[in-house]
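> Pasting the sequence and the predicted coordinates here, then a few questions.
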Amino acid sequence: MSKVAIAKCQQYELEQVKTAIKNTLDHLGGLNQLIPQNAKVFIKINGLGPFSPSMGITTHPVFVQAIIQLVKTRTANILIGDNPATKEIHHVMKKNGVYDVVVQEQIPIFNGKTLTTIHNPSAKIYKTFEVSQEMLDTDVLINLPKLKTHSLTYVTIAQKNLFGFIYGLSKGGWHVKASNPLQFGEALNDLYGAILHAFKGKTLLHLCDGIIGLEGDGPSSAGHPKQAEVILASLDAVSLDRVAIELMHLNPEKAFVNTIAQERGYGEGHLKNITIVGEPLSTFQDLHFVPPGNTVSQFGLKLLKIKPLRNFVLEHPKIDHSLCIKCGECVRICSSKAMTIKARKFPELKKNLCIRCWCCAEVCPQNAIKKSKRPLVGRIVLKDRM
C-alpha cells in the first residue's frame, strides 16, 4: 500500500521544522534509505513568484533550510531551484527569503535554461515535454510543494508543483491547447506520467509545507494564508495530494487532477488504500480550508469543453485600477493574447480571447486581478449539485 506520513508543526522555527520533517521521513524508511551517501539531490521548491513568505504562496525559507540541513547529513551534492512563470529564479528567491538561505548553506541555484525532452507515449494531450535538464540529472528529487487551493485546478499540492519542470513562460502556452479545466488536468497528468517514466530507478520524494497554507482563490495573492500546522511526506504525489485534500476538508471529486492520476494508475488516489502514518487525520478534524470561489460541477466541467459557451457562462478577469501598478506581468503570461497594455496605461482584456486560465491573476504581484461576477446563465448551468 502507498504510504503518507503526517507531522504536526506549529511554526517556522528551524529545529522544530527539522524534527517534524525527520519524523515524517523516518516513517518512509529514514534519510539513510531515501538518500544514498553522496547522491545527487535536486530540491524543487514552489517558487511561483516574488511573494513574501508570510503570504503562504511559496515554500517557506525555514522549511527549505530545514530540508537542506537534513540532506547535508547524507550528501553535499545538492542543487536547488524552480521555474517561475515570468521572473528569473534568483529574483524570486530574493523576494521570498530562500536566496539568503541558499547563500548561507552554500547551495548552488540551478539555471534551468538547458532543456531536454521527456516522453509519455500514452498521453492524451501532450506526448513530449521540454523540461529543465538539471532537474533530471539527479539521483533524488525532493519536491517541496505548498498546501494550497487553486482557482483552476481546485488544489495545488505535490503533483501540480511538478509543473515547474516546464521552463518559464512556456507554461502559459499549455492553456491554449488544453483550454478547459479537464483538458488541463489531462495535460498535467501527461507531464506527470513522463516524469515518472524519466525517474524510473530514481527517487521522487514529496514533502509538503503546510505549516501555513493558502485557502480561497489561490494559488497566488488572491488567496488567504491559512494556519494549518502540518507537514506531509510521501513517495507518491497522488497519495499525498489525496490525503491532503481530506485533511483540508475539501471535496475530492472536484480535485480532477488527482482523480485523473488515479484513473491512469499513476498513483494511489483511493483513501482506503493509503496507509497514513504519524499523526492521524483526526488531529486535524477542526481544520477547514475555504475552497476557491465559483467552482464548477462535474457536468459543468464537461460543458466547458464547448469554447463558444465560455463567454456566456464564466466569470472573467477584472483589473482593479486602485491596486494595479501597470507592471505588465499579466500581459507577458497571457498565452491567448487576451490581455494587452499600452505605455503608462492599465492592461485591457479582450473577453472573446480569454480562455479563463487565470495565469494573469497567478502572476500579479498586487492581487489586482479579480473575478467578475459569474453571469446568471452560468450560475444556473454550472451550479454544483453534488
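Alright, I've got the coordinates. Residues are numbered from 1 along each chain as shown.
> what about the chain, any weak spots by pLDDT?
Residues of the chain that meet the criterion pLDDT under 70 lie in 296-309, 378, 381-386.
> Go ahead and flag the most central residue of it.
Asn161 (3.4 Å; C-alpha atoms, centre = their mean).
> Whichever strand or helix holds that residue - contacts with which helices or strands?
Using DSSP states H and E, the element containing Asn161 is helix 158-161. The contact analysis (3 or more C-beta pairs under 8 Å, 6 or more residues apart in numbering; DSSP states H and E) places helix 158-161 against strand 140-144, helix 181-198, helix 237-247, helix 256-264. For the C-beta atoms, the positions are set from N, CA and C on the backbone; glycine is no exception.
> relative orientation of the helix or strand just after it and helix 181-198 in degrees?
If you walk from helix 158-161 toward the C-terminus, the next helix or strand you reach (DSSP H and E) is helix 170-177. For helix 170-177 against helix 181-198, the angle by axes from the mean of the first three to the mean of the last three C-alpha atoms, to 10 degrees is 130 degrees.
> List the contacts of helix 170-177.
83, 85, 125-126, 130, 163, 166, 183-184, 187, 333-336, 355, 357, 359 (C-beta atoms under 8 Å, 6 or more residues apart in numbering).
> Tell me how this structure divides into domains.
Here the domain parsing of the chain from automatic domain parsing is 2-284, 298-381.
> looking at these, which is closest to Pro292?
domain 2-284 (4.7 Å; C-beta to C-beta).
> Run the chain-centre distance for the closest one.
6 Å (C-alpha atoms, centre = their mean, to the nearest Å).
> quick revisit: save the domains of the chain as a markdown table, and put in distance to Val290 too.
As requested, the domains of the chain are exported to a markdown table (distance: least, C-beta to C-beta, whole Å):
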| stretch | distance to Val290 |
| --- | --- |
| domain 2-284 | 4 |
| domain 298-381 | 14 |
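> tell me the most buried of these?
Of the domains of the chain, the one with the most neighbours on average (mean count of other C-beta atoms under 10 Å) is domain 2-284, at a mean of 20.
> Of the helices and strands packed on helix 158-161, which is nearest Val313?
Closest among those, using C-beta to C-beta: helix 181-198, at 12.9 Å.
> that older thread, then the helix holding Asn161 to CSV, C-alphas only?
What follows is helix 158-161, C-alpha atoms only, in CSV (Å, rounded to 0.1, in the frame of the first residue of the first chain):
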residue,chain,number,x,y,z
ALA,A,158,2.6,17.8,-4.8
GLN,A,159,1.6,16.8,-8.4
LYS,A,160,0.8,20.3,-9.6
ASN,A,161,4.1,21.6,-8.2
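> and the longest strand belonging to the chain, C-alpha only, in PDB?
Across the chain, the longest stretch assigned as strand under DSSP state E is strand 203-216. This file holds the C-alpha atoms of strand 203-216, laid out as PDB (Å, rounded to 0.1, in the frame of the first residue of the first chain):
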ATOM      1  CA  THR A 203      13.700   8.600  -6.000                       C
ATOM      2  CA  LEU A 204      10.900  11.200  -6.100                       C
ATOM      3  CA  LEU A 205      10.200  12.400  -2.600                       C
ATOM      4  CA  HIS A 206       7.400  14.800  -1.900                       C
ATOM      5  CA  LEU A 207       7.400  17.000   1.300                       C
ATOM      6  CA  CYS A 208       4.500  19.400   1.600                       C
ATOM      7  CA  ASP A 209       5.000  22.600   3.500                       C
ATOM      8  CA  GLY A 210       1.500  23.100   5.100                       C
ATOM      9  CA  ILE A 211       2.600  24.900   8.300                       C
ATOM     10  CA  ILE A 212       1.000  28.000   6.700                       C
ATOM     11  CA  GLY A 213      -1.100  27.100   3.600                       C
ATOM     12  CA  LEU A 214      -3.300  29.100   1.300                       C
ATOM     13  CA  GLU A 215      -7.100  29.000   1.000                       C
ATOM     14  CA  GLY A 216      -9.800  30.600  -1.200                       C
END
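> Could you identify the helix or strand that succeeds it?
Immediately after strand 203-216, counting by DSSP H and E, sits strand 223-234.
> ok, that following strand: who's next to it in the sheet?
Sheet pairing of strand 223-234 (DSSP bridges) gives strand 2-8 (antiparallel), strand 203-216 (antiparallel).
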